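Trainee: Give me a 3D structure for the following:
(one chain, ligands or ions: 1)
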Amino acid sequence: MKFATKTIHSGVEADPTTGAIMPPIYQTSTYKQEGAGNHKGFEYARGKNPTRLNLEACIASLENAKYGACFASGMAAIDTLLKLCSPGDEVITSADLYGGTYRLFETLYAERGIKFHYVSEIDSNKVKPLLNSKTKLVWVETPSNPLLKITDIKAIAEILRDHSAIFAVDNTFATPYLQKPLDLGADVVMHSATKYLCGHSDVIMGALAMNDEGFAKEIYHIQNSCGAISGPQDCFLALRGIKTLHLRMQRHCENAKTIAEYLSGHKKIDRTFFPGLENSKYHFVARSQMADFGGMVSFCLKNNSLSAAHGVLEKLRLFTLAESLGGVESLIGHPASMSHASIPQILRKKMGISDSLIRISVGVEDVEDLLLDLAIALD
Ligand SMILES: *Cc1c(COP(=O)(O)O)cnc(C)c1O
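Mentor: Below you'll find the predicted structure:
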């Protein structure tokens, strides 16, 4: 089945009892047993819920995976993977990461004896020298947040081929519409389904997708034992959102490309970060592993000050100043005073997050309106 067909049909069938086209929301905590231990595979809803199973099958299908697992949030999904690490284990990752991921690594798992190696960019030359028998996990976010760096997934899979480390890709920014990390050699894909998968800024949810049966069993064991599951109402909303994933992504990508081109030619803008620009150093690898370039664009101003950035943000009318991304509406964020405010300025600068860096999640509105809003704000 092709992707657009999968978004609509995978994981769901007309309800056998009534013929309802959408699956029921099984709002139940437990299930009646015919006799003690005689049940239909459903005992207690932390372990299994039919609505969640529908969604897990759908997400697995989109990622060309055999197994899917849904969680209460993207962070809960990442936390599940980190629970596979023991004290003394090592993780290789990049410094350009979603802030919450960095916080989880540093304030919870580094404290418990897991060693994190942060490289400026994940490429085979940087990862190879750090690999050793203690390496348990290689964590890649591509495109990354907020600088939209691209990691060559195939190249990393190649150097990990004979190594036992788990290769995980945070596919939140790309979605399976643009990129399928398992096909490129990753072991597990993670999503903040909060973003593009749900797509309407009304759910917090996470997901994992994988192919190895033994590995999936470990994940389901943690999912059931720790209990950070997604509820049936949220699973229903995710299934509903995913039905238009391909349509939304197509427009997100089109709009983002138009906006990135506009920004890169604007006299007040110093740099535009978008892998779809031909002068981006990531353009070639992005083209090779993604179907298009995504809906996220970052830029910094020639007047590289906090106040200049704040001036732009205050004048925007259509772009809403808010954390998060991937919804139908355009959002704008200022890492230096929002997601990365807790990092000292000097460190931020080293990470490439300048004071005027602005990140936009380009929505699916009419791009003419978005361009006009930006033109007025930048004037
Ligand atoms: C939002 C986000 C997360 C965390 O997901 P939540 O659903 O907010 O817990 C992880 N990675 C990336 C890239 C994100 O954008």
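
Trainee: only C-alpha atoms for contact and neighbour calcs from this point on.
Mentor: OK.

Trainee: and Tyr177, that's in a helix?
Mentor: Yes. Counting by DSSP: H, G, I helix; E, B strand; the rest coil, Tyr177 is located in a helix.

Trainee: Lowest average confidence across helices and strands of this structure, where is it?
Mentor: When the helices and strands of the chain are scored by mean pLDDT, DSSP states H and E, helix 345-350 comes last with a mean of 87.

Trainee: Show me what from the stretch 51-200 of the chain comes close to the ligand.
Mentor: Selection of the stretch 51-200 of the chain residues close to the ligand by C-alpha under 6 Å from any ligand atom yields Ser73, Gly74, Met75, Tyr98, Thr172, Ser192, Thr194.

Trainee: Next, count neighbours for the last one.
Mentor: Counted by other C-alpha atoms under 10 Å, the residues lying close to Thr194 total 26.

Trainee: now the fourth one
Mentor: Number of residues near Tyr98 (other C-alpha under 10 Å) recorded here: 15.

Trainee: Thought Ser144 was touching it, still the case?
Mentor: Yes. Using C-alpha atoms under 8 Å, Tyr98 and Ser144 qualify as a contacting pair, with a distance of 7.4 Å.

Trainee: What residues does Thr258 make contact with?
Mentor: By C-alpha atoms under 8 Å, 6 or more residues apart in numbering, the contact list for Thr258 reads Val367.

Trainee: among the residues of the stretch 51-200 of the chain next to the ligand, who's most crowded?
Mentor: Ser192 (28 neighbours).

Trainee: pLDDT at the residue lying closest to that residue once chain neighbours are set aside, what is it?
Mentor: In this structure, Ser192 finds its nearest non-sequential neighbour in Gly74, 4.0 Å apart by C-alpha to C-alpha, 6 or more residues apart in numbering. Predicted confidence (pLDDT) for Gly74: 98.

Trainee: Adjust the sequence numbering to begin at 457 for everything that follows.
Mentor: Taking 457 as the first residue, the last one we looked at is Gly530.

Trainee: Okay, Ile477 and the ligand: tell me how far apart.
Mentor: 28 Å (C-alpha to the nearest ligand atom, to the nearest Å).

Trainee: How much space separates that residue from Pro506?
Mentor: Separation of Ile477 from Pro506 (C-alpha to C-alpha, to the nearest Å): 15 Å.

Trainee: Those two: which is more packed in?
Mentor: Pro506 (18 against 11).

Trainee: which ones are touching the more buried one?
Mentor: Tyr482.

Trainee: Specify the local secondary structure of Phe623.
Mentor: Classification of Phe623 using three-state DSSP returns strand.

Trainee: now do Val547
Mentor: strand.

Trainee: same question, Thr557
Mentor: Strictly by three-state DSSP, Thr557 counts as helix.

Trainee: got a list of contacts for stretch 608-623?
Mentor: Contacts for stretch 608-623 (C-alpha under 8 Å, 6+ apart): 579-580, 583-584, 591-596, 637, 640-644, 741-742, 745.

Trainee: run the last query once more with 7 Å
Mentor: For stretch 608-623, contacts defined as C-alpha atoms under 7 Å, 6 or more residues apart in numbering pick out 579-580, 591-595, 637, 640-644, 741.

Trainee: Only the buried subset of those, as a ChimeraX command please.
Mentor: A single ChimeraX command is used to select the members of the contacts of stretch 608-623 judged buried by 16 or more other C-alpha atoms under 10 Å:
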select :579,580,591,592,593,594,595,637,640,641,642,643,644
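
Trainee: What is the nearest of the contacts of stretch 608-623 to the ligand?
Mentor: Of all the contacts of stretch 608-623, the ligand sits closest to Trp595, with 11.0 Å by C-alpha to the nearest ligand atom.

Trainee: Now do the contacts for the closest one.
Mentor: Contacts of Trp595 by C-alpha under 7 Å, 6+ apart are Ile548, Thr549, Phe623, Ala624, Val625.

Trainee: where does it fall, phi/psi-wise?
Mentor: Note on Trp595: its backbone torsions stand at phi -110, psi 120 [degrees, to the nearest 10].

Trainee: So what pairs up with it in the strands?
Mentor: Ala624 (DSSP bridges).

Trainee: any idea how far it lies from Ala533?
Mentor: Relative to Ala533, Trp595 is positioned 13 Å away (C-alpha to C-alpha).

Trainee: With Val596 instead?
Mentor: 14 Å.

Trainee: now Tyr676
Mentor: Applying C-alpha to C-alpha to Tyr676 and Ala533 gives a distance of 11 Å.

Trainee: of these two, who's got more company?
Mentor: Ala533 (25 against 19).

Trainee: what residues does the host helix or strand of that one touch?
Mentor: Secondary structure from DSSP states H and E places Ala533 in helix 530-538. By C-alpha under 7 Å, 6+ apart, the list of residues contacting helix 530-538 from outside reads 527, 557, 646-649, 661-664, 675, 678, 684.

Trainee: okay, how far is it across stretch 682-696, tip to tip?
Mentor: 27 Å.

Trainee: now do stretch 789-802
Mentor: Start and end residues of stretch 789-802 are separated by 20 Å (C-alpha to C-alpha).

Trainee: in the stretch 607-756 of the chain, which spans are helices?
Mentor: Counting by DSSP state H, counting those that start in this stretch, the stretch 607-756 of the chain has helices at residues 609-615, 631-634, 669-682, 688-698, 701-720, 739-745.

Trainee: and the fourth one, what does it pack onto?
Mentor: When contacts are defined as 3 or more C-alpha pairs under 7 Å, 6 or more residues apart in numbering; DSSP states H and E, helix 688-698 sits against helix 506-518.
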